[in-house]
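> predicted structure and sequence below. I'll ask about it afterward.
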Amino acid sequence: MADREPDYRFTLANERTFLAWIRTALALLAAGVAVGELFATETDSLGHTALAAACVTVATTLSLGAFHRWRQVQAAMRRDKPLPSPMIVRVTVTGVCIIAIACTCVVAL
């Protein structure tokens with residue numbers, strides 16, 4: 001079956017969703033930089049560094065996942081196929097939960 005151009009509204013909606021994921025990744029990246037540079041102390045440098053690394057890692061994973069998801073959805077719409085399952089949601093929730101646990105550990109110490 002040949003690819004066809006989907007309705008522009010669906011293409012734009014897919015793009016807006018991609019940009020929302022990128023905004024979330026940018027927020028996590030900013031949080032990682034802030035934790036690593038602004039809140040680190042000499043007594044707990046390792047905890048803050050680990051938390052910053054977790055934020056940056058999740059932000060990077062989320063950015064790559066958002067691009068992959070955008071391409072998958074665009075291809076499915078062009079081929080008039082069902083949309084793929086949103087694995088990026090699971091990755092985001094897992095990453096944010098890990099960061100939340102790490103925040104709790106850093107703050108409690």
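Here it is on my side, so go on. Given the structure is predicted, the values throughout are model-derived calculations rather than measurements. Residues are numbered from 1 along each chain as shown.

> which stretches in this protein count as helices?
Taking DSSP state H, the helices of the chain run over residues 8-37, 45-78, 87-108.

> just say which of these is most tucked in.
Among the helices of the chain, helix 45-78 has the highest mean neighbour count (mean count of other Cβ atoms under 10 Å), at a mean of 18. C-beta here means a position set from N, CA and C on the backbone, and glycine is covered the same way.

> about what we covered before: of the helices of the chain, which is nearest A2?
helix 45-78 (9.2 Å; Cβ to Cβ).

> against R23, how distant is the closest residue to L28 other than its chain neighbours?
The shortest distance from L28 to any residue other than its chain neighbours is 3.9 Å, reached at A59 (Cβ to Cβ, 6 or more residues apart in numbering). Remark: distance between A59 and R23 (Cβ to Cβ, to the nearest Å) = 11 Å.

> lowest-pLDDT helix or strand in this protein?
helix 87-108 (a mean of 90; mean pLDDT, DSSP states H and E).

> could you dump that helix to CSV, C-alpha only?
C-alpha atoms of helix 87-108 as CSV (Å, rounded to 0.1, in the frame of the first residue of the first chain):
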residue,chain,number,x,y,z
MET,A,87,6.1,3.1,25.2
ILE,A,88,7.5,6.6,25.9
VAL,A,89,4.8,7.1,28.6
ARG,A,90,6.2,4.1,30.5
VAL,A,91,9.7,5.3,30.2
THR,A,92,8.8,8.8,31.4
VAL,A,93,6.9,7.6,34.4
THR,A,94,9.6,5.2,35.4
GLY,A,95,12.3,7.9,34.9
VAL,A,96,10.4,10.5,36.9
CYS,A,97,9.7,7.9,39.7
ILE,A,98,13.5,7.1,39.9
ILE,A,99,14.3,10.9,40.0
ALA,A,100,11.6,11.4,42.8
ILE,A,101,13.2,8.6,44.8
ALA,A,102,16.6,10.0,44.3
CYS,A,103,15.3,13.5,45.4
THR,A,104,13.9,11.9,48.5
CYS,A,105,17.2,10.3,49.3
VAL,A,106,19.2,13.5,48.7
VAL,A,107,16.9,15.7,50.7
ALA,A,108,16.6,13.2,53.6
